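Enquirer: I'll drop the sequence and a predicted model, then ask my questions.
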Amino acid sequence: MKVIIIGGGWAGCSAALEAVKLGAEVELYERTDLLLGVGNVGGIMRNNGRYTAAEELINLGAGDFIRIMDSIAIHKNIDFPEHKHSWLCDIGKAEPIVRRYLIECGVKIFLQSRITDVNMEGNKIKSLVLFNKDIITGDVFVETTGSTGSMPNCVKYGNGCVMCTLRCPSFGARVSISSRAGVNDLVGERANGMKGAMSGSCEFPRESLSKDIIKELEKNGVVVIPIPKEDVHLEKLEQKVCQQYATLEFAENIILLDTGRVKLMTSHYPLDKLRKIKGLENVVYIDPLVGSNGNSIRYLCAAPRNNSMQVNGVENLFCGGEKSGFFVGHTEAMTTGTLAGYNAVQYLEKKPLLELPRELATGDIIAYANDKVKEGKMSERYTFSGAEYFERMKDLGLYSINNDEIRSRVKKLNLTNIFLKQCKN
């Protein structure tokens, strides 16, 4: 059984790990020189409903990456506006740990390996075409290419290329495999109807901030600084990918989080205005490099799929992460990626595909996002951590921070360790 993963973000890594655990030969192709994609500038775990989802994944047997992130947490149980019991992780440590873990488990990783086309045989993918025209064959394929890039999209729908962590100018544009396979991809929208949405944060190097701010960050994990009234612009909130941050507090304050680097919870902020604020007089951006103008544009390309993560119209193609819908966050990517990797092997073994039940938050979010797309709702984003979906979790009684309750919920569904098999190596 040969499973090909296209894209090495959190979803791709999760799909690869699950498939190799189930005994498949797994090859992962990533167009840049790093795994984890936009996850390299994240680091917020277990906040709000993500705590529930993380514990569900652990009890389902897919907690490997949750435990890795837990192990590099700098701050635990931190509250910041609209977010409770957050774990802030040193994201700079995650990628090499994840890469080594996958290799130890038997995943073959090919970096700087951009897939540019597909060869079809009926409604199946026969092979993939690499950027250098090499042909890659496999039995089943999992697309986790995300929804950001290429540069012309950031020009058309944003403020140009800001040179984010995805680095399209250096490594080439994202290519939609589902589209190349003949599927009409879904395009997200903002509230005003414009395509896509701006990514939700920027990063500073620690040395560019005052000693007082760094001291407070190291102690509390979070710093909240009021913005001068003349620089408060509420319309910015409508542009953001992460709707859980589209609240008044995020418009009226600079909110900084300690994730190893310093995370600014806004999609962009002019440098000259930032430097007016006490403690930020010498601040510079490290991601994106052009954080004054705007961040990368996401949610331009999701594949229509069923709740088993199988792409509609292509029998041997599964998807995860942002490619599988308008999801936000590491935990969400791990959830969809794991299910895609599991069902890719189920498909090869001619076994029934798994749909996670809606009695679990991890199952409900996958089905709910699909329901909304079918209703034509293209401006919503789905995350365990806030906005519409977190409210739904609470309304349905799915939100819990009681580990025994979560464990019992999974057990009653006979799904304990459904994803758990040891790495073959």
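Expert: In hand now; what should we look at?
Enquirer: going forward, measure contacts and count neighbours with C-alpha atoms only.
Expert: Noted.
Enquirer: Stretch 53-71: how far from the chain's middle?
Expert: Relative to the chain's own centre, stretch 53-71 is displaced by 15 Å; criterion: CA atoms, centre = their mean, to the nearest Å.
Enquirer: Would you mark the buried spots in it?
Expert: Using 16 or more other CA atoms under 10 Å as the test for burial, stretch 53-71 gives 53-66, 68-70.
Enquirer: Endpoints of it, how far apart?
Expert: 17 Å (CA to CA, to the nearest Å).
Enquirer: Where does the prediction get shaky in the chain?
Expert: 232-248, 422-425 (pLDDT under 70).
Enquirer: domain assignment for it?
Expert: Here the domain assignment for the chain is 2-193+297-412, 197-274, based on automatic domain parsing.
Enquirer: Could you say which of those is packed most deeply?
Expert: domain 2-193+297-412 (a mean of 21; mean count of other CA atoms under 10 Å).
Enquirer: who's the closest residue to A181 other than its chain neighbours bridged to?
Expert: In space, and not counting its chain neighbours, A181 is closest to V118: 6.4 Å by CA to CA, 6 or more residues apart in numbering. Per DSSP bridges, the residues bridged to V118 are L128.
Enquirer: returning to what we had before: same list (the domains of the chain) but as TSV, adding distance to L280.
Expert: Shown next, in TSV, are the domains of the chain (distance: least, CA to CA, whole Å):
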stretch	distance to L280
domain 2-193+297-412	20
domain 197-274	5
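Enquirer: Out of those, which is closest to I418?
Expert: The closest of the domains of the chain to I418 is domain 2-193+297-412. By CA to CA, the value is 5.5 Å.
Enquirer: what helix or strand is K84 on?
Expert: strand 83-89 (DSSP states H and E).
Enquirer: Let me see the backbone angles for the nearest residue to T383 once chain neighbours are set aside.
Expert: Excluding its sequence neighbours, the residue lying closest to T383 (CA to CA, 6+ apart) is V328, at 5.2 Å. Torsion angles at V328 (phi, psi; degrees, to the nearest 10) stand at phi -130, psi 120.
Enquirer: hang on, L317 packs against I125?
Expert: Yes - at 7.3 Å, L317 counts as touching I125 under the criterion of CA atoms under 8 Å.
Enquirer: list residues touching both of these two?
Expert: Contact criterion CA atoms under 8 Å, 6 or more residues apart in numbering; residues shared by L317 and I125: V140, F141.
Enquirer: Contacts only, for V107.
Expert: A16, L17, V20, E25, V26, E27, L28.
Enquirer: all strands of the stretch 301-425 of the chain, in order?
Expert: Assigned by DSSP state E, counting those that start in this stretch, the strands in the stretch 301-425 of the chain fall at 317-319.
Enquirer: Wait, the residue nearest to T383 touches E380, no?
Expert: No - applying CA under 8 Å as the test, V328 and E380 come out as separate, 10.5 Å apart.
Enquirer: hey, where'd the strands end up in the stretch 51-200 of the chain?
Expert: Using DSSP E, counting those that start in this stretch, strands in the stretch 51-200 of the chain cover 73-80, 83-89, 108-110, 115-121, 124-130, 135-137, 140-143, 197-198.
Enquirer: Can you add distance to L257 and give those strands back as a markdown table?
Expert: Shown next, in a markdown table, are the strands of the stretch 51-200 of the chain (distance: least, CA to CA, whole Å):
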| stretch | distance to L257 |
| --- | --- |
| strand 73-80 | 9 |
| strand 83-89 | 8 |
| strand 108-110 | 32 |
| strand 115-121 | 35 |
| strand 124-130 | 39 |
| strand 135-137 | 42 |
| strand 140-143 | 31 |
| strand 197-198 | 19 |
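Enquirer: I'd guessed E203 sits against I286; true?
Expert: Yes - E203 lies in contact with I286 (CA under 8 Å); the separation is 5.7 Å.
Enquirer: residues in contact with N77?
Expert: K84, H85, S86, W87.
Enquirer: who does the strand holding K84 pair up with?
Expert: strand 44-45 (antiparallel), strand 73-80 (antiparallel).
Enquirer: Relative to N370, which of those is closest?
Expert: That would be strand 44-45 among the strands paired with strand 83-89, by CA to CA, at 24.0 Å.
Enquirer: Quick one: distance of the closest one to the chain centre.
Expert: Relative to where its chain is centred, strand 44-45 has its mean C-alpha point 11 Å off (CA atoms, centre = their mean).
Enquirer: what about stretch 204-218, distance to the chain center?
Expert: With CA atoms, centre = their mean, you get 27 Å for stretch 204-218.
Enquirer: Can you give the contact residues for that stretch?
Expert: 222-223, 256-258, 261-264, 279-287.
Enquirer: before we move on, back to that, what would the strands paired with strand 83-89 look like in CSV with distance to G363?
Expert: Below are those laid out as CSV (distance: least, CA to CA, whole Å):
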stretch, distance to G363
strand 44-45, 19
strand 73-80, 25
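Enquirer: Quick check: the gap between the residue lying farthest from the centre of the chain and L166.
Expert: Farthest-out residue of the chain from its mean C-alpha position, per CA atoms, centre = their mean: E230, at 33.8 Å. Going from E230 to L166 by CA to CA gives 33 Å.
Enquirer: Same question for A333.
Expert: 16 Å.
Enquirer: Equivalent analysis for N59, please.
Expert: Counting by CA to CA, the gap from N59 to L166 is 32 Å.
Enquirer: what do you get for A15?
Expert: 20 Å.
Enquirer: can you pull out the helices in the stretch 101-250 of the chain?
Expert: With DSSP state H, counting those that start in this stretch as the criterion, the stretch 101-250 of the chain has helices at 151-157, 168-171, 177-180, 211-220, 248-252.
Enquirer: Please apply the same query to the stretch 301-425 of the chain.
Expert: 330-348, 361-374, 387-396, 403-412.
Enquirer: Quick one: distance of the longest one to the chain centre.
Expert: Spelled out, it's helix 330-348. Centre to centre, stretch against its chain (CA atoms, centre = their mean), the figure for helix 330-348 is 13 Å.
Enquirer: list the helices and strands that helix packs on?
Expert: Under the contact definition 3 or more CA pairs under 8 Å, 6 or more residues apart in numbering; DSSP states H and E, helix 330-348 sits against helix 10-21, helix 49-60, strand 140-143, strand 317-319, helix 361-374.
Enquirer: Just the C-alpha atoms of it, please, in CSV.
Expert: Presented in CSV, the C-alpha positions along helix 330-348 are these (Å, rounded to 0.1, in the frame of the first residue of the first chain):
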residue,chain,number,x,y,z
HIS,A,330,-3.2,23.3,14.4
THR,A,331,-5.7,21.1,16.3
GLU,A,332,-8.2,21.3,13.5
ALA,A,333,-5.5,20.4,11.0
MET,A,334,-4.4,17.4,13.1
THR,A,335,-8.0,16.2,13.3
THR,A,336,-8.8,16.4,9.6
GLY,A,337,-5.4,15.1,8.6
THR,A,338,-5.5,12.1,10.8
LEU,A,339,-8.9,11.1,9.5
ALA,A,340,-7.7,11.5,5.9
GLY,A,341,-4.7,9.3,6.5
TYR,A,342,-6.8,6.6,8.3
ASN,A,343,-9.4,6.5,5.5
ALA,A,344,-6.7,6.4,2.8
VAL,A,345,-5.6,3.1,4.2
GLN,A,346,-9.2,1.9,4.8
TYR,A,347,-9.8,2.6,1.1
LEU,A,348,-6.8,0.6,0.0
